[in-house]
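J.: Give me coordinates for this.
(2 chains)
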There are 2 protein chains.
Amino acid sequence: MIRRLCIVGPGLLGGSIALAARARHLAGEIVVVGRSEASVAPAVRAGAADRGTTDLAAGLRGVDLCVLATPVATLERQLAAVWAAAEPGIIITDVGSTKGRIVATADRLAAERPLDFVGSHPMAGSERAGFAEARADLFVAATVILTPTGRTAPAALARVRAFWEAVGGRATVLDPLTHDRATAVVSHLPHLVADALVDAVLRMDPAFLDVAARGFRDTTRIAASSPPVWREIFQDNRAALSEALAAFRKSLDHLEAVIALGDAAAVEAELERIKQHREKIG
Amino acid sequence: MIRRLCIVGPGLLGGSIALAARARHLAGEIVVVGRSEASVAPAVRAGAADRGTTDLAAGLRGVDLCVLATPVATLERQLAAVWAAAEPGIIITDVGSTKGRIVATADRLAAERPLDFVGSHPMAGSERAGFAEARADLFVAATVILTPTGRTAPAALARVRAFWEAVGGRATVLDPLTHDRATAVVSHLPHLVADALVDAVLRMDPAFLDVAARGFRDTTRIAASSPPVWREIFQDNRAALSEALAAFRKSLDHLEAVIALGDAAAVEAELERIKQHREKIG
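T.: The predicted structure is shown next:
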């Protein structure tokens, strides 16, 4: 399917893509590009990649699919660098958690030099980072959101979709703005809220953490995720996150008001309505 | 250790206590008391109890330890009924999620008729309810908070502590008010926040639930808990929940303000500080 696959940034996500592509024989050759020899060595040593390099142009030679898997903060800069170094005929995709800016950057670059780009967001990962955490089955049953624009070639979209499905993902399409609003409320907001929950306990009395049970641990698990990764996501998706926070505050105020009224039936009806929706997603 | 153990309310918690006491041979006889024949039959059929009855006085005859495991809303009424029907020498405990009111009720009842009461809160359970969900190992490694007052006899406290430890729990002591503040912030607040998160998604666009990944599912799992149970807990612990909500809003405002400032290092430092605390609880 792919003659030569290049993954820029062999961390948790990039490394898992390499492992999955290797396990499923999706590429004739797999090349990883990193900032340093140390960053590419583990993927090569694990057999996930055939070669590793710190030279982007060398890594992109003869590549038909390039997956950009560097942190969100460096994605736009990296995309411009890949765009300049790539050979014609390449399809480029990424794994960024926010899509509005990267897709706009790609459209701007494509106006200068027509190359195929399709924004991707595989909704997989963990609170850990780095190649050591990479797994060949990371994308199995994971939702992968593709964010084409009016400029996206249907053939490129089909190829990127097929790639994600080949590694086990469930591909779905959203426009970039809707993607950013949806992930703000189902991913970035819950993360910020988990952080605020832990901080609220510290504010009341750090000793109270000693009596935290499974409910608290589940609800705040994502607060143990990588600070550099999430700092970038929060910054990058600030506008949509503000909208999601406003919706959340309305919901919290509403629930508090219903409880304050002391109308047991009304509280129960609200909890029941929310439970019904929550149960739909397993 | 116990000649005759009586459990009032053989649901998830009461049923699990019966199963655990049976499995560990902690009582010579186990009696369950319920509102109806149908509510006590499953525990008897499963062999968790020797007898079931709807007659509280009959159920309490010759009992040395009684565990009140009815819903929070009925606990105070049930406690008064148990107090009136019990024979001298009994020790009474409960499993309620809030402790201020039940402990005050017990102290008031004890002023009229001296019986031993020790407030207990086993921090175990699940989003499901009923005897069908009961498990003999529900309390293994669970924190069990005991809330003695100045009136509590040390021997009664020691006996109740030994009972919870015998079913696998980790007993710890807090005064009732501190208990209610601690559980408000580590248990009741996370639940309300999980409800508000689901509601915020519905407010923005219910279709966004389709792209919810593991982070959202973990964070909102408790929003699928029993509405009647949680309605009661929210109502009962309203004062402490308000304090916890105020702390949470401060934390959320603070984090939002740090993100809005656009100072990447400051955001990362805050996330790192919170992560360090979160990691302590596993």
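J.: what's the spacing between A:S187 and B:T105?
T.: According to Cβ to Cβ, to the nearest Å, A:S187 and B:T105 sit 44 Å apart. The way it works is simple: take the backbone N, C-alpha and C, and place the C-beta from them, glycine included.
J.: Please identify which of these two sits among more neighbours.
T.: Taking other Cβ atoms under 10 Å in any protein chain shown, A:S187 and B:T105 do not tie; A:S187 has more neighbours (26 against 18).
J.: distance of the closest residue to the more buried one other than its chain neighbours from B:I281?
T.: Among residues not flanking A:S187 along the chain, B:G215 sits closest, at 5.8 Å (Cβ to Cβ, 6 or more residues apart in numbering or on different chains). Counting by Cβ to Cβ, the gap between B:G215 and B:I281 amounts to 18 Å.
J.: The most centrally placed residue in chain A - nearest residue in space that isn't next to it in sequence?
T.: By Cα atoms, centre = their mean, chain A has its centre lying nearest to A:S97, at 3.7 Å. Excluding the flanking residues, the one nearest A:S97 by Cβ to Cβ, 6+ apart is A:I233, at 4.9 Å.
J.: Please verify my assumption that that neighbour contacts A:T98.
T.: Yes: if you go by Cβ atoms under 8 Å, A:I233 and A:T98 touch, sitting 6.4 Å apart.
J.: Overlap in contacts, these two.
T.: A:V72 (Cβ atoms under 8 Å, 6 or more residues apart in numbering or on different chains).
J.: Surely A:G28 is within a strand?
T.: Yes: A:G28: assigned to a strand according to DSSP: H, G, I helix; E, B strand; the rest coil.
J.: any idea which element the residue nearest to A:S97 lies in?
T.: helix A:227-236 (DSSP states H and E).
J.: Downstream of that helix, the next helix or strand is which one?
T.: Heading C-terminal from helix A:227-236 (DSSP H and E), you reach helix A:238-261.
J.: orientation of that following helix relative to helix A:227-236 in degrees?
T.: Helix A:238-261 and helix A:227-236 are oriented at 90 degrees to each other (axes from the mean of the first three to the mean of the last three Cα atoms, to 10 degrees).
J.: And helix A:238-261, what does it pack against?
T.: helix A:176-183, helix A:189-204, helix A:264-279, helix B:189-204, helix B:238-261 (3 or more Cβ pairs under 8 Å, 6 or more residues apart in numbering or on different chains; DSSP states H and E).
J.: List the buried residues of the shortest one.
T.: Within helix A:176-183, the residues scored as buried using 16 or more other Cβ atoms under 10 Å in any protein chain shown are A:176, A:178-183.
J.: Chain B contacts on the stretch 1-150 of chain A?
T.: Applying Cβ under 8 Å from any Cβ of the partner chain, one finds that the stretch 1-150 of chain A approaches chain B through A:73, A:123-124, A:142-143, A:145.
J.: Now with 6 Å, please.
T.: Within reach of chain B by Cβ under 6 Å from any Cβ of the partner chain, the stretch 1-150 of chain A has these residues: A:123, A:143.
J.: which stretches of the stretch 1-150 of chain A form helices?
T.: A:12-23, A:37-45, A:56-60, A:72-85, A:100-112 (DSSP state H, counting those that start in this stretch).
J.: Now for A:G28, how many residues are close by?
T.: The burial count for A:G28: 13, using other Cβ under 10 Å.
J.: make that A:R113, sorry
T.: 10.
J.: same question, A:A155
T.: Neighbours around A:A155, by other Cβ under 10 Å: 10.
J.: ok, now which ones touch it?
T.: By Cβ atoms under 6 Å, 6 or more residues apart in numbering or on different chains, no residues touch A:A155.
J.: Quick check, pLDDT for it.
T.: Looking at A:A155, its pLDDT stands at 97.
J.: before we move on, back to that, in JSON lines, list the buried residues of helix A:176-183 along with pLDDT and distance to B:T54.
T.: Shown next, in JSON lines, are the buried residues of helix A:176-183 (pLDDT from 0 to 100; distance: Cβ to Cβ, whole Å):
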{"residue": "A:P176", "pLDDT": "97", "distance to B:T54": "62"}
{"residue": "A:T178", "pLDDT": "97", "distance to B:T54": "56"}
{"residue": "A:H179", "pLDDT": "97", "distance to B:T54": "57"}
{"residue": "A:D180", "pLDDT": "97", "distance to B:T54": "58"}
{"residue": "A:R181", "pLDDT": "97", "distance to B:T54": "54"}
{"residue": "A:A182", "pLDDT": "96", "distance to B:T54": "51"}
{"residue": "A:T183", "pLDDT": "94", "distance to B:T54": "53"}
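J.: Among those residues, which ones lie close to chain B?
T.: Answer for these near chain B (Cβ under 6 Å from any Cβ): A:A182.
J.: I'd like to know which of the buried residues of helix A:176-183 is nearest to chain B.
T.: A:A182 (4.2 Å; Cβ to the nearest Cβ).
J.: residues contacting the closest one?
T.: By Cβ under 6 Å, 6+ apart, the neighbours of A:A182 are B:208, B:211.
J.: go again using 10 Å as the cut-off
T.: A:121, A:145, A:174, A:240, A:244, B:201, B:204-205, B:207-212 (Cβ atoms under 10 Å, 6 or more residues apart in numbering or on different chains).
J.: Over to A:L202?
T.: A:208-209, B:185, B:247, B:251, B:273-274, B:277-278.
J.: Can you tell me which of those residues is closest to B:R151?
T.: A:F208 (25.2 Å; Cβ to Cβ).
J.: what's the nearest residue to the closest one if we skip its chain neighbours?
T.: Closest to A:F208 by Cβ to Cβ, 6+ apart is B:A182, at 4.2 Å.
J.: One more: A:V72?
T.: Per Cβ to Cβ, 6+ apart, closest to A:V72 is A:E232, 4.2 Å.
J.: right, and the one you found touches A:A73 too?
T.: Yes: with contact defined as Cβ atoms under 10 Å, A:E232 counts as touching A:A73 (4.3 Å).
J.: Are there residues contacting both of the two? Which ones?
T.: In contact with both A:E232 and A:A73: A:96, B:264, using Cβ under 10 Å, 6+ apart.
J.: Between those two, which has more neighbouring residues?
T.: Between A:E232 and A:A73, counted using other Cβ under 10 Å, the more crowded position is A:E232 (22 against 17).
J.: What are the structural domain limits within chain A?
T.: A:2-174, A:179-279 (automatic domain parsing).
J.: Can you lay out these as TSV showing distance to B:A84?
T.: Below are the domains of chain A laid out as TSV (distance: least, Cβ to Cβ, whole Å):
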stretch	distance to B:A84
domain A:2-174	52
domain A:179-279	26
